[in-house]
Every structure is written in C-alpha cells, then in structure tokens.
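Chemist: Model the structure of this input:
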Amino acid sequence: MEVERSRATGWVGWVLFGGLMLVLLGSAHAAVGALAVFEPDILAGTRPDVLLGLPLAVLAWGHLLLGLGAVVTGVALIRGLAWARFVAIVIAFFTGLVSFLFATVYPVWAAIIIVLCGLVLYATAVHGDEVYDSYAR
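Modeler: Alright, predicted model coming up:
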C-alpha cells in the first residue's frame, strides 16, 4: 500500500483564511442588515448613509443581501468551488481598493487590510484549485 503525496502547498491555508473571513464578515453584515431592516435608524449617520444618500431601508437590505452572499461565497470557497474563487477575488480586490481610498483616514488599518487582501487574492487566484483537489481524493 503506497501513500499518495498531496500537491497542496501552504498557500491553501490563505485560501481557507479568506473563506473563513468571508463567512465571519458576511455574518456580521447580515446581522447588521437584519437588525436594520426592522430598525433602519440604526444606520443613520454611518458612512454609507452620509456618502451614498440612499434611503436607510435600501442600505439595510443591501447589508443583509451582501452579507448572505459573502457567507455563501466563503463556504463555497472553503469547498474549493471555481465560481467562489472568482467572486472571492473580486471581493478581495474591491476591499483592498476601498481600504486604499481610506488610507488617509486609517493608515495602519488600511495597510493591514491591503496586505491581507493581497495575500488572499494571490492565494485564491494561484492556489485555489489545490483546495478542490484535496476534496476530490
């Protein structure tokens, strides 16, 4: 009986980290959205309220739906699905871009987020198929 060697690298951990972060942050956004659907004034005076000028109910439903989408994407990324890799790459790119735009307001936090987004983006784009391959056996 021969032991088969896995071709998975340490970058798989960063892919799984990205999936876990999507699940956790998506859960937080969905919780805020669900709470704000019933009490929209919770979002009054927040950055999205000030910057976008949308009704608070729209922001609440946006938080809820985007949060649920992030949770589904995170679970699918952990499972190694190809569509989740694409969606996670897009989310990581835009998160890094938004953090870059807010670098003057929160320089240290923005730098940390940009580095983490870059690592997750690279790991997901280049090594995301290793997660799927590890489940296929």
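Chemist: Can you give me the distance of residue 40 to residue 114?
Modeler: For residue 40, the distance to residue 114 equals 32 Å [CB to CB, to the nearest Å]. Placement of C-beta: from N, CA and C, glycine included.
Chemist: Equivalent analysis for residue 12, please.
Modeler: 22 Å.
Chemist: Same check on residue 20?
Modeler: 19 Å.
Chemist: More neighbours: which of the two?
Modeler: residue 114 (17 against 14; other CB atoms under 10 Å).
Chemist: Surely that one and residue 101 touch.
Modeler: No. At 10.7 Å, residue 114 does not count as touching residue 101 under the criterion of CB atoms under 8 Å.
Chemist: which residues are in contact with both of the two?
Modeler: Taking CB atoms under 8 Å, 6 or more residues apart in numbering as the contact criterion, no residue touches both residue 114 and residue 101.
Chemist: contacting residues for the spatially most central residue of the chain?
Modeler: Nearest to the geometric centre of the chain sits residue 22, at 3.6 Å (CA atoms, centre = their mean). Counting by CB under 8 Å, 6+ apart, residue 22 makes contact with 70, 71, 73, 74, 77, 88, 91.
Chemist: give me that answer again for 10 Å
Modeler: 67, 69-78, 84, 87-88, 91-92, 120 (CB atoms under 10 Å, 6 or more residues apart in numbering).
Chemist: Pull up the gap between residue 117 and residue 128, please.
Modeler: The gap separating residue 117 from residue 128 is 15 Å, by CB to CB.
Chemist: So between these two, which is more surrounded?
Modeler: residue 128 (25 against 22).
Chemist: can you pull out the helices in the chain?
Modeler: 11-38, 47-52, 56-79, 82-101, 107-136 (DSSP state H).
Chemist: Which of these sits closest to residue 5?
Modeler: helix 107-136 (12.1 Å; CB to CB).
Chemist: any weak-confidence spans in this structure?
Modeler: 1, 43-54, 136-137 (pLDDT under 70).
Chemist: try it again with 80
Modeler: Within the chain, the stretches with pLDDT under 80 are 1-10, 40-59, 98-99, 101-103, 105-106, 132-137.
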